[in-house]
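> Predicted coordinates and the sequence they were generated for:
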Amino acid sequence: MNDDFEVTRRQFLQAGGNAFVMSIILGTGMAQLAKPAFAGQLSVLSDSEAATLLAMSRTLFPHDNVADGYYMNVVAAIDGKCSDAAMKDKIQAGIKKLDGATSKSFAGSSEGTRVNILKTMEKSDFFQTVYGETVNGLYGNPEIWKMMGYEGSSVEQGGYIERGFDDISWLAKS
């Protein structure tokens, strides 16, 4: 038997404590805090309509490192505006047109197919509405700023002059 591996009582208790804490976190679902989940409930749109809008938003602004929860928050914002009858009619008609443009559902289609369908609708009021909501919902979110390396507004911090704006290593010094 090899005696090179020794564990002190302190190391053993520390490892056990760490394992206990991790089991609590994973067991209670606290690990989900790392990714935003869709926290709201849809009040007007159906689940299939929400799936179509989610696929549309993700196709318009695809980011592999952005979880669906962020895109679902965009869908929830659109759903909230659908309490207005005219908005509801516009959104549901647009969704129906998206889903009717392919033999599968829009959400179940390939990305290339979705892009081609959306190109035909770029001038529509429906497209412009969802596009605007997606831009505002994604790029107005400070959590997404962090993912993309944007530090936010510099005005509150005195501007960029004293905050490393000139730390570009590839730019020749004058």
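Yep, that arrived.
> where does the closest residue to residue 125 other than its chain neighbours fall, helix, sheet strand or coil?
Leaving aside its chain neighbours, residue 125 sits nearest to residue 90 (6.2 Å; criterion: Cβ to Cβ, 6 or more residues apart in numbering). C-beta coordinates here come from the backbone N, C-alpha and C atoms, glycine included. Assigned by DSSP: H, G, I helix; E, B strand; the rest coil, the conformation of residue 90 is helix.
> Okay, residue 90 and residue 138: tell me how far apart.
21 Å (Cβ to Cβ, to the nearest Å).
> Neighbour count for those two, which is higher?
For residue 90 versus residue 138, neighbours defined as other Cβ atoms under 10 Å are more numerous around residue 138 (21 against 18).
> circling back: quick one: the residue nearest to residue 125 from residue 97, how far?
11 Å.
> shared neighbours of these two, which are they?
Taking Cβ atoms under 8 Å, 6 or more residues apart in numbering as the criterion, residue 90 and residue 97 both touch residue 126.
> And for residue 150, the neighbour number?
By other Cβ under 10 Å, 11 other residues sit near residue 150.
> Helix or strand next in line after the lowest-mean-pLDDT helix or strand in the chain, which one?
Ranked by mean pLDDT, DSSP states H and E, the weakest helix or strand in the chain is helix 9-28, scoring a mean of 56. Using DSSP states H and E, the helix or strand that follows helix 9-28 in sequence is helix 47-60.
> List of residues touching that next one?
Helix 47-60 has contacts (Cβ under 8 Å, 6+ apart) with 42, 45, 68, 71-72, 74-75, 78-79, 91-92, 95, 98-99, 105-107, 109, 111, 114-115, 118, 130-131, 133-134, 137-138.
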